Structure formats: C-alpha cells, structure tokens
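Participant: Kindly generate the corresponding structure for this input.
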Amino acid sequence: MRVLLTTIGSRGDVQPMVALALELKNLGQEVRLCVPPDFRDWIDGLGLPVVSIGPELRGTAASGSTVERAQPSAEDLRKQVDDTVADQFTTVGTAAQGCDVVVAGGYLQIAGRSVAETLGIPYVFAGYCPVCLPSPHHAPPPMRGRARPHETSDNRTLWALDAQHWNDVFGTALNAHRTSAGLAPVSDVRGHIFTDRPWLAADPALGPWPGPAVIQTGAWILPDQRPLSDELETFLSAGEPPVYFGLGSMRAPDGIDQVMIDAARKLGRRAIVSRGWAGLSLVDGGRDCLSVGEVNQQALFQRVAAVVHHGGAGTTTTAARAGAPQVVLPQMYDQYYWAQRVEDLGIGSGHPPGAPTVGSLVTALGRALEPEAAANARSVAATVYTEGARDAAQRLVAAIPQRSSANRP
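Facilitator: Alright, predicted model coming up:
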C-alpha cells in the first residue's frame, strides 16, 4: 500500500504524521509525506520520502509583542486563501499520484479530500485535540481575530457559526477547484474536510472524546532515542532538577526569557530555556540557567522539576508521559483546552491568557511545584497510552483496499 500523509503547520502538526509514517513503514507499507519545508531535512534524515508544501513557517514565530499585528485587508486575506488552496491542490494532487489513500492531519488541509476523490482513493482526516472536533459537549476553540458572540453559549449554535466561518473563508476557493476537477461543490467545508468519522490522535486520559462518531487511537508519539548533550548532562547533574521553559514554534512576548528566569530564581529553581522558533535567549551569564536548542524532550522531561510550555498537544502529552508537572501558557486555539485539562487532572496549572509577568508565573509555577501536583503527574504518567501510532497504522492497513501496481498511475 502507498500512503500519502499530508499536513500544514508547525512541528506539533508534523511530528505525529512522522510517527505514523514510521509505523506504516515498519508494516511494510510505502509512505510519503507532504509537509512545510521547515521539516524537509529532518524527514529526509529519517529515510522517508517528503514533498514540501507552502512557505517556510519559522519566521512567523519571531519574538515580539503578543498584541495582534496589523490585520491584512479583506482583499489580502482572500488572496492568501486563494493562493494557499491553489498550492494545496497542485502539490497534494501531484504527491498523491499512485497512492492508495490520503491521510490529512491537522486543520488546514483544504484540498486533501478533493484530491482523493479525484483519484478515486480513500481519505482519512485526523485531528490532535478533542475540542477541535464538533460536539455538543464542548464549544469550538477560540480563533485569533474572531470574537466569540456574547449572546449565546449554546455549543450547537457556536459550532454552526464555526461551520459558517469555514464556508465563508474557504468555500469559494475550494469549490472553484472542485468544479475545475469535475467534482460537485460542497456546502459544508468543515464537514467535508473532517468527514463524519474523523480519527482523533489524542491520548484518552489527557484528551478524552465525549461521545461517539470519532475513532480515538491515542496520541501518535514519535520515539526519541537521542542522547542528551554533554553540556546538558553536566547541568542536570550539578544541582536539583531545574524547570524547563519553552514555547516551541509559538511567538514570544518581549522580555519573556527574563520573566522565565526571574520566576525560577524567585522559587529557588534553576532554569533550562529552550530557544524554540522565537529564539529565546539567556539574558545573563548566570550559572543557574542553560539555553538549549532541539533536544530529546522525552528524556529531558523525566529529569526536570516542571515543564512550562505553550500548550501544544505534543508537548502536553510528552510532559504528561514523563510524569512532569506542567504550567501551560496558552496563546491560541487548542492550547486553552490543554491548559484546562492540566488543571482538571491536577498535574499543574494553566496560566491566565495574556503575557506572563514574573508574579503571575511565580504563582502558576509555584502551584505546579507543590507535592500534590507532582504526585498526580506521576499517577497520570502511568495511564498515557504510547502505542497510538502503531494502532492507527494497523487500522489503516486493515481498512484500505490495496491496488495492484498495474492499476496505479
């Protein structure tokens, strides 16, 4: 079987697809990935065929104020959407040639199902967080630049408004390409992309699905066997477990690196600061803090006192699996959900929306460092399911009919 795995987004969107790709490869399947160019070298190094889609994304995380940047005009937004959808149809359409199935991960895969339909092959949509999939049990996640109406808190109404937003933003571009391909237009863009039976690649203990109609496989975790650097090993061995700070691929407020270090010091803790896409740095030469780049978080998080992070699904799961208490600094979309889940499970704290101050971070981190949070984190770690990618790969192989090579383009 030949499988195309396609996604658009940061490492949190790409890494689960890589985990699934390697599991499929272990089962003897042919896999290719279609991902942003930021990750091409990494995936090449894993021996997986990869096609780049869209522009590089790293520049979007430059440090700066969290205040919204100047909003583009309606005309500029429309052009961005048109260009993005056109690029997806071209790139995914080419990458899918000869494949038996298209698997789209994340929430911006506008063209994937239409490409599969054109080729006459199955399509699977996979999300990484329960709150991003429609359900009367929860409201849609908040979106930047889109205010939630104050006059209603009914979840069904909010999801209907969310569906209309998808139609308004992507409907015209999507249907123009479908018409050109000889396909019927769709009236529900979100439902078309998500399907009526989406897969949910989230851990059932951390992010339980509240009802039927979803296939929850567990998180797609990519095993990491890389050793920690000598510098990091030396730092870890030089004192009590430090606090890890990192924002992944997210933007960083001005001065957040100083805030992080000052908060750790006020609590008598050493600090490890991950540079991330925002380029966080150490503001002084203190021996109580260390700057790191790309690192094996699975190994590191087992040796820290707490993990302070942006609330991505992957980082939340990695910290939970390691048994590390967490502080989530949410900025957008599903990050608020994960902050609340950390609170609900008693494995740390969610920071209020907005840029942290030393005082607010000391309060949140202080709660996460309490013995009860550490005990709860260890308890939850024992429940995290680690074979989600393997199970998803096996399900995919069992469900998708394989064409003979003679029937492939």
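Participant: Could you pull up the residues touching the nearest residue to residue 280 once chain neighbours are set aside?
Facilitator: Nearest residue to residue 280 in three dimensions, chain neighbours excluded: residue 257, at 4.6 Å (CB to CB, 6 or more residues apart in numbering). To be clear about C-beta, it is placed using only N, CA and C from the backbone, and glycine gets the same treatment. By CB atoms under 8 Å, 6 or more residues apart in numbering, residue 257 lies in contact with 245, 273, 280-283.
Participant: Which of those sits closest to residue 347?
Facilitator: When the contacts of residue 257 are compared for distance to residue 347, the smallest value, 17.4 Å, is given by residue 245; criterion: CB to CB.
Participant: re earlier: tell me the one of the contacts of residue 257 nearest residue 341?
Facilitator: Looking at those and their distance to residue 341, the nearest is residue 245, at 20.1 Å (CB to CB).
Participant: Contact partners for residue 13?
Facilitator: Applying CB under 8 Å, 6+ apart, one finds that residue 13 lies in contact with 7, 105-106, 128.
Participant: just checking, which of these belong to strands?
Facilitator: Among the contacts of residue 13, the residues falling in strands (DSSP state E) are 7, 105.
Participant: And the contacts of residue 13, which is the shakiest by pLDDT?
Facilitator: The member of these with the lowest pLDDT is residue 106, and it reads 88.
Participant: Can you give the distance of stretch 4-18 from its chain's centre?
Facilitator: 8 Å (CA atoms, centre = their mean, to the nearest Å).
Participant: now the end-to-end length of it.
Facilitator: This stretch, stretch 4-18, spans 11 Å end to end (CA to CA, to the nearest Å).
Participant: start the count at 56, not 1, going forward
Facilitator: From this message on, residue numbering opens at 56, which makes the last subject stretch 59-73.
Participant: Quick check: which ranges of the protein have low pLDDT?
Facilitator: Counting by pLDDT under 70, the chain contains low-confidence residues at 114-126, 199-207, 457-464.
Participant: How is it partitioned into domains?
Facilitator: In the domain annotation for the chain, the residue ranges read 57-276+442-462, 285-436 (automatic domain parsing).
Participant: Nearest residue to residue 410 in space, please, no chain neighbours.
Facilitator: Sequence neighbours aside, residue 308 is the residue nearest to residue 410 in space, at 3.9 Å (criterion: CB to CB, 6+ apart).
Participant: okay, now that neighbour: neighbour count?
Facilitator: Residues contacting residue 308 under the criterion other CB atoms under 10 Å number 20.
Participant: for residue 432, same thing?
Facilitator: Neighbouring residues of residue 432 were enumerated by other CB under 10 Å; the total is 24.
Participant: Find the nearest non-adjacent residue to it, please.
Facilitator: Counting by CB to CB, 6+ apart, the nearest residue to residue 432 once its immediate chain neighbours are dropped is residue 402, at 4.3 Å.
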